[in-house]
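Trainee: Sequence below, structure please.
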Amino acid sequence: MKCRKARKLVALYVTGDLDYHKAEAVKEHIITCDACAEEAETYRQSLQTLGLLKGRSMPVEYWDGYWDELRGRIHTEKAHPRTTNRLARAFTVAAAAAVILLAVIAVWSRLAGPYVQDGGGREVVVDSMSRPAVENTSEVDFYLPGVVEDSTDRIYDSHRWDATCETARAADF
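Mentor: So this is what the prediction gives:
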């Protein structure tokens, strides 16, 4: 017998679970092969250690109602599923809904345009290339682009550039 086959059968040999002919073949191989003999000895020592750990068995009274109690516990656990899975799922759904809501709000605010309130409580539309909103058109020279007021008292940046604004901008650089 070769080592490869013997190593597959060593554990069964040590426990006595091989038929007579295979057990004899493994025994002859172990006598001639030191590596397989060492493996067989390791199995024997492991089995002895496990035998010491067995300890005492439970009293008969313990086993009388064991299976009935176990079946009852299994039935109870199936009847009442754990709430932690439901809570985790609910939290995940709530978090996903919050993320979607924030994304919708962010997109909506970008589409609607940025609004701010000036010092007088008026709503002012600020361009995405924003410069500070101004109270009246006399401040236009300071803020560069032309600003126009419409009939709703909102101040819009009209992107008009006049000669004084161009000059002021060039002076800043």
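
Trainee: Only C-alpha atoms, please: export the helix or strand harbouring Arg4 in PDB.
Mentor: Here Arg4, judged by DSSP states H and E, is contained in helix 3-15. In PDB, the C-alpha atoms belonging to helix 3-15 read as follows (Å, rounded to 0.1, in the frame of the first residue of the first chain):
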ATOM      1  CA  CYS A   3       1.300   6.400   1.600                       C
ATOM      2  CA  ARG A   4      -1.400   8.300  -0.200                       C
ATOM      3  CA  LYS A   5      -4.000   5.600   0.200                       C
ATOM      4  CA  ALA A   6      -2.700   4.700   3.700                       C
ATOM      5  CA  ARG A   7      -3.100   8.300   5.000                       C
ATOM      6  CA  LYS A   8      -6.700   8.200   3.900                       C
ATOM      7  CA  LEU A   9      -7.300   5.100   5.900                       C
ATOM      8  CA  VAL A  10      -5.200   5.800   9.000                       C
ATOM      9  CA  ALA A  11      -7.900   7.500  11.000                       C
ATOM     10  CA  LEU A  12     -10.300   4.600  10.300                       C
ATOM     11  CA  TYR A  13      -7.600   2.100  11.200                       C
ATOM     12  CA  VAL A  14      -6.900   3.800  14.600                       C
ATOM     13  CA  THR A  15     -10.600   3.800  15.500                       C
END
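
Trainee: what mean pLDDT does it have?
Mentor: For helix 3-15, mean pLDDT is 90.

Trainee: In this structure, what residue spans correspond to strands?
Mentor: With DSSP state E as the criterion, the chain has strands at 115-117, 123-125, 147-149, 155-157.

Trainee: Tell me how many other residues crowd the residue nearest to Ala37 when sequence neighbours are not counted.
Mentor: Distance criterion Cβ to Cβ, 6 or more residues apart in numbering; nearest residue to Ala37, sequence neighbours excluded, is Ile30 at 4.7 Å. (Glycine included, C-beta is placed from N, CA and C.) Neighbourhood size, Ile30 [other Cβ atoms under 10 Å]: 21.

Trainee: what does the one 4 residues further on give?
Mentor: The tally of other residues near Asp34 (other Cβ under 10 Å) stands at 9.

Trainee: Same question for Lys27.
Mentor: Neighbour tally, Lys27, other Cβ under 10 Å: 14.

Trainee: Contacts only, for it.
Mentor: Contact analysis of Lys27 by Cβ atoms under 8 Å, 6 or more residues apart in numbering lists Tyr13.
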